[in-house]
Every structure is written in C-alpha cells, then in structure tokens.
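Colleague: here is my input, please return the structure:
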Amino acid sequence: MTDLPPLRRLLADHPGRCDGAVILDYDARLMRRKRLVTAEGRGFLVDLPEVTNLDAWWGFELEDGTTLEIVPADEALVEVTGDLPRLAWHIGNRHTPCQIEPARLLIRHDHVIEAMLTQLGARLRPVTAPFTPEGGAYGHGRTMGHDHGHSHAHAH
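Modeller: Numbers count the residues shown, from 1 in each chain. Next up, the predicted model:
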C-alpha cells in the first residue's frame, strides 16, 4: 500500500465525509512535524507551522481531499472517585492533566499523585480508556504535569 499525500490543513469540524481515522494517544496528539499512519495502515506527513494540540481539531484534510478523523487511543489510566471537587482541586494544584466526568476523574499513572489522592480519601482503580483531559486555564492548550520520575524539590 502506498503512502497518502501530505496534510493540506487541519479540520475544525466534520467535513461531511470521513475517509479513515488516525488513532493517537494523548502525547501523540501534541505535534508539529511527524509521519502518521492511519488505522488502515497508510502513512502521511503532518508538517504544521508550530507545535499544535490536536485535541482542538476534528481531523486532517490531505492534499488530495482525503479526510481523516483524529481518534483518541485507549490508554492505561487511573480512575479517581470520592470527593471529586476536592480531589480535582488537588490534582489541578499539581498541574496534572485530568479528565473530568460527572462521576469520576481520570489521570495518568503517577505514583506520587496516586499516593497523595489515597491520603485524601480517594478510591483509585486502573482503567483503560481514551484520555481527553481538560485544556488549559482558558479552555485550550495543554496542562503540563510534573515529572515524578526523579527526586526534586519545589514549592507551589
């Protein structure tokens, strides 16, 4: 199978037809230049003028008019239940990406955040689901979490 032509533009809304899908996890949905592969196995080049959060877009239109939907991939996450407003405040205070739903919060695995939440009375459960956390403070962009893979000290 041959590659598809490169990206013409990002599409904000469903264009009326969909020729395929690109399944991307949360990290992969933040990009500037990358070769992507559709769910059907065909590659194409995305070359954007700047790093872009694809969560804000429906999909891609390629140079030949092909339209491809951006689909969030299933990821290993942690479901958080309990006093959701209080727990969400503490998660946000740590700049941790968080998907907010009526009956639960979803975060990525982070042993430091999970220990804090457990001390706050949260119930935690591993789940697999697409991860589509809230955007930045003004509803767009990315919330950048801390890396807890090494020891460091800082104040908030």
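Colleague: can you give me the helices for this protein?
Modeller: Here the chain has its helices, by DSSP state H, at 84-93, 111-119.
Colleague: I'd like to know which of the ones you listed is closest to Ile100.
Modeller: helix 84-93 (6.2 Å; Cβ to Cβ). In this view, the C-beta of every residue, glycine as well, is placed from N, C-alpha and C.
Colleague: which elements pack onto the closest one?
Modeller: strand 105-108, helix 111-119 (3 or more Cβ pairs under 8 Å, 6 or more residues apart in numbering; DSSP states H and E).
Colleague: any chance of the helices of the chain in TSV, with distance to Ala39, mean pLDDT and mean neighbour count too?
Modeller: Output for the helices of the chain, formatted as TSV (distance: least, Cβ to Cβ, whole Å; pLDDT from 0 to 100; neighbours: other Cβ atoms under 10 Å):
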stretch	distance to Ala39	mean pLDDT	mean neighbour count
helix 84-93	31	96	15
helix 111-119	32	98	15
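Colleague: these into JSON lines, with extra columns for distance to Thr67?
Modeller: JSON lines is the format used below for those (distance: least, Cβ to Cβ, whole Å):
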{"stretch": "helix 84-93", "distance to Thr67": "35"}
{"stretch": "helix 111-119", "distance to Thr67": "38"}
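Colleague: is it true that Asp25 touches Pro72?
Modeller: Yes - look at Asp25 against Pro72 with Cβ atoms under 8 Å: they come within range, at 7.4 Å.
Colleague: quote the end-to-end distance of stretch 69-76.
Modeller: 22 Å (Cα to Cα, to the nearest Å).
Colleague: for the residue nearest the centre of the chain, give me phi and psi.
Modeller: Central residue of the chain (Cα atoms, centre = their mean): Tyr26, 2.8 Å from the mean position. Dihedral angles of Tyr26 (phi, psi; degrees, to the nearest 10) stand at phi -60, psi -50.
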